[in-house]
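Asker: Have a look; sequence and predicted model below, questions after that.
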Amino acid sequence: MHAGVEGGDEEIVAAVVSGALPSHHLESRLGDCRRAARLRREALRRVSGRGVEGLPFDGMDYQAILGQCCEMPVGYVQVPVGVAGPLLLDGRQYHVPMATTEGCLVASVNRGCRAIAASGGAVSVLLRDAMSRAPVVKLPSAKRAAELKSFVEAAANFETLASVFKRSSRFGRLQGIHCALAGRNLYIRFTCSTGDAMGMNMVSKGVENVLGYLQNDFPDMDLISLSGNYCSDKKPTAVNWIEGRGKSVVCEATIKGGVVQSVLKTTVQKLVELNIIKNLTGSAVAGALGGFNAHASNIVTALFIATGQDPAQNVESSQCITMLEAVNDGDDLHISVTMPSIEVGTIGGGTCLASQASCLNLLGVRGPNGDSPGANAKLLATIVAGSVLAGELSLLGALAAGQLVNSHLKYNRSNKDVASAAS
Ligand SMILES: CC(C)(COP(=O)([O-])OP(=O)([O-])OC[C@H]1O[C@@H](n2cnc3c(N)ncnc32)[C@H](O)[C@@H]1OP(=O)([O-])[O-])[C@@H](O)C(=O)NCCC(=O)NCCSC(=O)C[C@@](C)(O)CC(=O)[O-]
Ligand SMILES: NC(=O)C1=CN([C@@H]2O[C@H](COP(=O)(O)OP(=O)(O)OC[C@H]3O[C@@H](n4cnc5c(N)ncnc54)[C@H](OP(=O)(O)O)[C@@H]3O)[C@@H](O)[C@H]2O)C=CC1
């Protein structure tokens, strides 16, 4: 018997190991999520012949993840959380939690925050709030597909479709429908506001309602897939880059020339030239799709993991164009990041877990906003953009000053490794 497995558990572990009891039935069979995870872990050890001692077990609420976050849990992975800031954004200060294993990243964003604060702060504007889902349906002919396109895009039909859409949610509200046609296949891109939720479950339910309704007038409509990839979820696409998905945010700051020198160790002119040649021209040469930035995804992903966002949505959420200009007779630097597809929520998904909720709490955006539904998620999106602005400033500064490699050797490689490589 292995440590941690008591007499009564042995029979259950043996049943899982033999295949008599499917591992994914453990929770419903035992009615105790923690015990189920513990026995699954022991069965895994026996079946695989490998230990997972380094994978922590205690400290996770196995009840909370049931039916919400993860199936067949056996533990969790530790990702350190650092805090950058304060980020001075729209007149308020934020301490930004970042979950990362890339040494140097938090230091870099912290430096960017310092440059922003020393220059009076950053300002953000939320341009749009619209999550999308685009099913694909097939019709008997391209002509018939075009008829359906005209029907769903007709202004006269919008109110009816919007009221059908909202039947399944108190917060999901249809904003628009835009179609693309490929032969007799029609891709119907529904966009909607989703309150404080990121909204993928919500929008998908609303779309199902509408498709059911459309079937009355278009019985020859064949639903191929609720997602036809024109949404586009978790893939880099032009449609998100141009139309936006989730929250579209622009964030800007004017960094004083003196701060560029003292905090970023470079000059306004060098930064502007670097941005043109690297972020704009270099990305064009590379054929980038929304990747006209230095490392937006570094900051987006670290914030997403810390605050319980769907990490796979870092793909489109990181689409960003960074613009730099010399202003005030060339003395100061204007920097902006424009991010059309920041997909975040403060309720739903991993936001319910204690550690992630705690990071949301640090930012003052935990859970639903009772007074103004949607306000917490919108604020979180602006904080993501503000943090990206800080990261862009600092990394561009490091590259312009030739600091990148040295700074990473200092913070991103243990001293032991550096010493052994040098010997
Ligand atoms: C490491 C720094 C910040 C040093 O930068 P520095 O200017 O030498 O540091 P400093 O000691 O003069 O301090 C300046 C400020 O930086 C901050 N700072 C300084 N040190 C720390 C620290 N330990 N922890 C927290 N904050 C720190 C802090 O705000 C400090 O101000 P203070 O508070 O002292 O008045 C700088 O060299 C840097 O930003 N390097 C760039 C690192 C970076 O951005 N890495 C990101 C990942 S690179 C990557 O993954 C993407 C890439 C590169 O492949 C993308 C591409 O293709 O471009
Ligand atoms: N289904 C899919 O295709 C995909 C799903 N996902 C996953 O979907 C999950 C997120 O889905 P999402 O729809 O965001 O979340 P949820 O499915 O958790 O829906 C949010 C819930 O919170 C309720 N709610 C209470 N207060 C608010 C408020 N202020 N604002 C908004 N909702 C509120 C909603 O009520 P009400 O019921 O009235 O709406 C709803 O029940 C994540 O786990 C993600 O990984 C990711 C990609 C694709």
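Answerer: Done, it's in. Numbering: from 1, shown residues only. Ligands and ions are numbered 1, 2, ... in the order given.

Asker: Please name the nearest non-neighbouring residue to Leu226.
Answerer: Computed as CB to CB, 6 or more residues apart in numbering, the closest residue to Leu226 that is not its neighbour in sequence is Pro135, at 4.9 Å. (C-beta placed from N, C-alpha, C; glycine too.)

Asker: meant to ask about Asp310, not that
Answerer: Gly349 (5.7 Å).

Asker: Spit out the contact partners of Lys234.
Answerer: For Lys234, the contacting residues are 312-313, 315-316, by CB atoms under 8 Å, 6 or more residues apart in numbering.

Asker: How about it: what's its closest non-neighbour residue?
Answerer: Nearest residue to Lys234, sequence neighbours excluded (CB to CB, 6+ apart): Ala312, at 4.5 Å.

Asker: Run a quick neighbour tally on that neighbour.
Answerer: By other CB atoms under 10 Å, the residues close to Ala312 number 13.

Asker: if we can go back for a sec, list buried residues within the contacts of Lys234.
Answerer: Among the contacts of Lys234, the ones that count as buried by 16 or more other CB atoms under 10 Å are 313, 315-316.

Asker: Turn these into TSV, including distance to Cys113.
Answerer: Output for the buried ones among the contacts of Lys234, formatted as TSV (distance: CB to CB, whole Å):
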residue	distance to Cys113
Gln313	24
Val315	25
Glu316	25
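
Asker: can you tell me which of the residues you listed are up against ligand 2?
Answerer: When CB under 6 Å from any ligand atom is applied, no member of these is adjacent to ligand 2.

Asker: any idea which of those is closest to ligand 1?
Answerer: Among the buried ones among the contacts of Lys234, Val315 lies closest to ligand 1 (CB to the nearest ligand atom), at 16.3 Å.

Asker: tell me the contacts of Gly75?
Answerer: Going by CB under 8 Å, 6+ apart, the list of residues near Gly75 reads 37, 41, 52, 55-57, 60.

Asker: Show me which of the residues you listed are buried.
Answerer: 37, 41, 57, 60.

Asker: Would it be right to say that the third one lies in a strand?
Answerer: So the one you mean is Phe57. No: under the criterion used here (DSSP: H, G, I helix; E, B strand; the rest coil), Phe57 is coil, not part of a strand.

Asker: Identify the residues contacting it.
Answerer: Under the criterion of CB under 8 Å, 6+ apart, the neighbours of Phe57 are 37-38, 41, 74-75.

Asker: Greatest separation within these: which pair is it?
Answerer: Using CB to CB, the contacts of Phe57 reach their maximum pairwise distance at Arg38 and Gly75, which is 9.6 Å.

Asker: rewinding a little: check the gap between the residue nearest to Asp310 and ligand 2 for me.
Answerer: Note on Gly349: its distance to ligand 2, by CB to the nearest ligand atom, to the nearest Å, is 3 Å.

Asker: Please read off the pLDDT at that residue from the model.
Answerer: Note on Gly349: pLDDT of 97.

Asker: was I right about it contacting Thr307?
Answerer: No: between Gly349 and Thr307 there is no contact under CB atoms under 8 Å: 10.1 Å.
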